[in-house]
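J.: This is a predicted model, with the sequence first.
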Amino acid sequence: MSTLYEELGLPPALNANGKMTALGGSRLSDEVVAAMGEAARSHVVMDDLLRAAGHELAAAAGTQDACPTTGAAAGIALAVAALIAGEDLARIERLPDPGDRPHEVILQKGHAVHFGAPVRQMIALGGGSPVEVGAANKVRREHVAQAIGERTAALLYVQSHHAVHKGMLPLAELVALGREHGIPVIVDAAAEEDLRAWPATGADLVIYSGGKAIGGPTSGMVCGSAPLIAACRAQYAGIGRPMKVGKETVLGLVRAVRQHAAASGSATGHDGHRDRMTRLAARLAALPGVTARVVRDEAGRDIHRAELTVDPAGAGRDAARLAAELSAGSPPVFLRDHQANTGRLAVDPRSLTREEEELVVRRLTELLGSPA
C-alpha cells in the first residue's frame, strides 16, 4: 500500500542527518502519534489547554511556567515581544513597532546565526532591534556591558552547533551581566536535551524545540517565571497569532516531553548509539577513499556519529559531491553535511532505523565501489 507521501510523488527520505527541520524534525513514537490523534477528535478551550500544558512542560524544565509554541524560532519572537510589550494589549497590538519601550536585544557576533532563517529576523518579528557586539571569534565582557543602555530589552545567548562558542562570553557571565544591569537573559537552547540544565543557569527565558531532542512534533516551548510566561502567552493576541499552535501539536508535545523525561538518565540510548556507530564506522572505513571514526556532537550534546572523511582522489569525488549524489539517488539519503567543505560527512543514528542504516551502506557502496 502506498503512503500519502508517495501519492504526492514524494519518495521517503532516509534521514542520516539528524533531527533537522528540513527533513521534518523527529520520527514520532506511536504514543505521540496517538496523543495527536486523540486531540484531533475533540474540542478544547485553547487558552485553558495552553495553561495546563504549560504547567506540565514547566515541571519537566524545572521552571514556574512554560508556553507551547510552533517552534523554537517562534519562541524567540514571542519571548522578545513579551519583554517589550508585557501583557499590555495596546502595546501587543502595536508590535512589531515597540513604541517608546526598550527594544534592543544584544547578542554576541558569533551567535548571530542562520538556522534556516536569520535569528536577527526572529528578534525583529517580536519588535526587537538586534545589536551584535564583539567579533565573530572574540567577545569580551566589556563589549556586552558597553552596549547595555536604556533601550536594552534583553540579552540573547544562542546554544547551537551553528553558533561560535570559542572566544564568546560564557552564559554564566552573560547572566551575571544581566543581573547587574537588571536586563533579562534569553537562551535559545533549541536542540538541547537536558531541559533542566539551561533554566538552572539563571536565564530568565529558555527556548526549546519540541521536534528535535525531545522527539515531538514540529513545536517548541518557552520556559521561565510565571509573569514572563503569562506575557509570552499574551502575544497570541498579536504577533503570535500567525504562529498559533494547534491542540494536536500541544498534546503531542506534552506526550513527547513525558517520554523524554522518562528516558532521561537511561543507560541505553546514547551508549547504544555510540556502539552502533563504532560498528558502522568500521564498515564504512573499508570503502575506497573513506576514512571513518566515531565523533561526539560538536555542540557538546551526548550524541555520537560516524564521521566520514572523503579523499577525492580515492573516492572519485569530494564530500560535497558525494552528499549531493546520495540525496539525488533512490532512495534519497541525507547525510550530515555541515562540514562538507572540509571533506567531512557524518551519519547521525537518531532518526535512522537499522534497515535504513543498511540502505545507507548499500548506497555508499554503489557509488564508491566495493570495500577494499
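T.: That came through, no problem.
J.: Run through the stretch 151-300 of the chain and note the low-pLDDT ranges.
T.: Along the stretch 151-300 of the chain, segments meeting pLDDT under 70 span 265-272.
J.: how about 50 then?
T.: For the stretch 151-300 of the chain, the stretches flagged by pLDDT under 50 are 267-269.
J.: quick one, strands of it?
T.: Applying DSSP state E, counting those that start in this stretch to the stretch 151-300 of the chain gives strands spanning 152-158, 185-188, 205-209, 220-224, 290-296.
J.: The last one - which strands sit beside it in the sheet, and in what orientation?
T.: Looking at strand 290-296 with DSSP bridges, its partner strands are strand 304-310 (antiparallel).
J.: Can you name the residues in contact with the strand it pairs with?
T.: The contact list for strand 304-310 (C-beta atoms under 8 Å, 6 or more residues apart in numbering) reads 270, 273-274, 277, 280-281, 284, 289-297, 317-319, 322, 335-336, 343-349. Glycine gets a C-beta too; all of them are placed from N, C-alpha and C.
J.: Likewise for stretch 90-108?
T.: So stretch 90-108 is in contact with 80-81, 84-85, 119, 123-134, 139, 143-144, 147-158, 168-169, 186, 234-235, 237-239, going by C-beta under 8 Å, 6+ apart.
J.: cool, stretch 334-345 as well?
T.: Under C-beta under 8 Å, 6+ apart, the answer for stretch 334-345 is 13-18, 20, 23, 161, 305, 307-312, 318-320, 322-323, 326-327, 346-348, 360.
J.: so how far is stretch 79-93 off the chain centroid?
T.: 25 Å (C-alpha atoms, centre = their mean, to the nearest Å).
J.: How about stretch 233-249?
T.: Taking mean C-alpha positions (C-alpha atoms, centre = their mean), stretch 233-249 and its chain are 19 Å apart.
J.: Surely Ala79 is within a strand?
T.: No - read with DSSP: H, G, I helix; E, B strand; the rest coil, Ala79 is helix and lies in no strand.
J.: Might you report the residue contacts of it?
T.: Gly126, Ala154, Ile186, Leu205, Ile207, Val222, Cys232.
J.: measure Glu357 to Arg350 for me?
T.: Glu357 sits 12 Å away from Arg350, going by C-beta to C-beta, to the nearest Å.
J.: do Ala323 as well
T.: For Ala323, the distance to Arg350 equals 18 Å [C-beta to C-beta].
J.: Over to the residue nearest to Ile76 when sequence neighbours are not counted: give its phi and psi.
T.: Spatial nearest neighbour of Ile76, excluding adjacent residues (C-beta to C-beta, 6 or more residues apart in numbering): Met122 at 4.0 Å. Backbone geometry at Met122, expressed as degrees, to the nearest 10, gives phi -60, psi -40.
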